[in-house]
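Student: here is a sequence with its predicted model. Questions after.
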Amino acid sequence: MFFILEGEDKMTAARAGLLCTDHGEVETPIFMPVGTAGTVKAVSQQLLKKEVGAQIILGNTYHLYLRPGTAVLEQAGGLHRFMGWDRPILTDSGGYQVFSLSDNRKITEEGYLFSSHIDGSKHLFTPEKVVELQRSIGSDIMMALDECTSYPVGYEEARRSMELTHRWLERGWEHYLATQPLYGHRQVFFPIVQGSVFADLREASARFVASVPAEGYAIGGLSVGEPAEEMYRMTALVCDILPREKPRYLMGVGTPVNILESIARGVDMFDCVMPTRNARNGMLFTREGIINIRNRKWADDLSPLDAEGPSLYSRYYSKAYLRHLIISKEILGAQIATIHNLSFYLWLVKEARRHILDGTFGRWKEEMTEKVGRRL
């Protein structure tokens, strides 16, 4: 994998680039739909390509390890073949999912000891084990095992957690270099910056992580409840330190406003469950603002979801019809809303890219931030 920096905005730290993998190229900034267990909920792989325009998706090591298991994935020839997806895949190491099992996991120097949320069985995730699991999955981009702290957290706990993440990174990187891909395509390994909202810890972590000669780097431990301005402050600080010529991935972010503000601070890659999860609950993101389609005001609104939207689904179906489907709990409602939201997110980052290359990102970002954050 390699990264080509194609343009930088003069008013902000925004960048446009090209991420080249064995499964195709990814234009950045990019949003990655979350396909946790080998599926983006409510959307087929064909529709992800044709209607959404997804260039890369995210899978999760924790969930794929528990179901269907690495034996099935290896028999299939990896996750790409198992799910019928021939474009790039990034896998989270599973650390965040284990972190969220606060009552069913224990953190030690060795790794995460946890109980499966499916059947209660005991498992151990070490930095070496998650590298091996991601080799079995066959993702193009693998993530290091890290510890994500909650918010708020005390300084000493954040420091201890960051230092553990660094020791795990050293072990994971060594094991990555000692192992080989299983399916004939190259896999790369991204370390993760931690440090909560403490500037000195974030700076120390970014410098430590940048010392690892990886193909790209991630920023973790944000969007966990801290104020948005704290997230932006930490993101800008880290992006100033991470290598300019490598891609930067802000994990688990976020709203359209979060994405625009983070692009302006130098982030290239994003993922979040918000467009898919919120779609299934009737929240739509549009270029004019946010719609709660369950509200009575949309019951007789026969105008399209977005008359000029990037997806046929947005242009064809009305607000009244989608509201009827969502209120009636029809499966089609979840599909239409999900395709609409993901199409909007992909449109947003594509437009950001265009404006970066045109030299007009700063002004456009200010206008769009005001629009996409308001409630309709």
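Tutor: Arrived safely.

Student: so how far is stretch 322-331 from its chain's centroid?
Tutor: 27 Å (CA atoms, centre = their mean, to the nearest Å).

Student: tell me the contacts of L322?
Tutor: The neighbourhood of L322, defined by CB atoms under 8 Å, 6 or more residues apart in numbering, consists of 284, 293, 305, 333, 336-337. C-beta: built from backbone N, CA, C; applies to glycine.

Student: same thing but at 10 Å, please
Tutor: Listed by CB atoms under 10 Å, 6 or more residues apart in numbering, the contact set of L322 reads 279, 282, 284, 291, 293, 298, 301, 304-305, 313-314, 330, 332-333, 336-337, 340.

Student: what do you get for N60?
Tutor: Contacts of N60 by CB under 10 Å, 6+ apart are 34-38, 66, 90-94, 96-97, 137, 143.

Student: and the gap between it and P68?
Tutor: With distances taken as CB to CB, to the nearest Å, N60 is found 13 Å from P68.

Student: go on, F2?
Tutor: As for F2, its distance to P68 is 32 Å (criterion: CB to CB).

Student: quick one: which of those two has more around it?
Tutor: P68 (16 against 13; other CB atoms under 10 Å).

Student: touching, the more buried one and G59? I think so.
Tutor: No - between P68 and G59 there is no contact, the gap being 11.9 Å when judged by CB atoms under 10 Å.

Student: who touches both of these two?
Tutor: Contacts common to P68 and G59, judged by CB under 10 Å, 6+ apart, are 37-38, 79.

Student: dump the residues you listed to a markdown table, plus distance to L376 and neighbour count.
Tutor: Output for the shared contacts of P68 and G59, formatted as a markdown table (distance: CB to CB, whole Å; neighbours: other CB atoms under 10 Å):
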| residue | distance to L376 | neighbour count |
| --- | --- | --- |
| A37 | 33 | 16 |
| G38 | 34 | 21 |
| L79 | 38 | 23 |
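
Student: could I get those residues as JSON lines with distance to L322?
Tutor: Converted to JSON lines, the shared contacts of P68 and G59 look like this (distance: CB to CB, whole Å):
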{"residue": "A37", "distance to L322": "26"}
{"residue": "G38", "distance to L322": "27"}
{"residue": "L79", "distance to L322": "32"}
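
Student: average model confidence for stretch 176-192?
Tutor: The average pLDDT within stretch 176-192 is 98.

Student: give me the distance from that stretch to the chain's centre.
Tutor: 19 Å.

Student: going forward, count from 42.
Tutor: With the count now opening at 42, the last piece we talked about shows up as stretch 217-233.

Student: just the buried residues of it, please?
Tutor: Using 16 or more other CB atoms under 10 Å as the burial criterion, the residues of stretch 217-233 that qualify are 217, 222-224, 226, 228-233.

Student: so where's the stretch 42-191 of the chain shaky on pLDDT?
Tutor: For the stretch 42-191 of the chain, not a single residue meets the criterion pLDDT under 70.

Student: that one: strands as residue ranges?
Tutor: 43-49, 56-62, 65-69, 71-73, 98-101, 130-133, 146-148, 153-156, 163-166, 182-184 (DSSP state E, counting those that start in this stretch).

Student: before we move on, what about the stretch 242-391 of the chain?
Tutor: 258-260, 289-291, 310-312, 324-327, 330-333.

Student: please look at L263 and S303 and confirm they touch.
Tutor: Yes - contact criterion CB under 10 Å: L263 and S303 qualify, at 9.2 Å.
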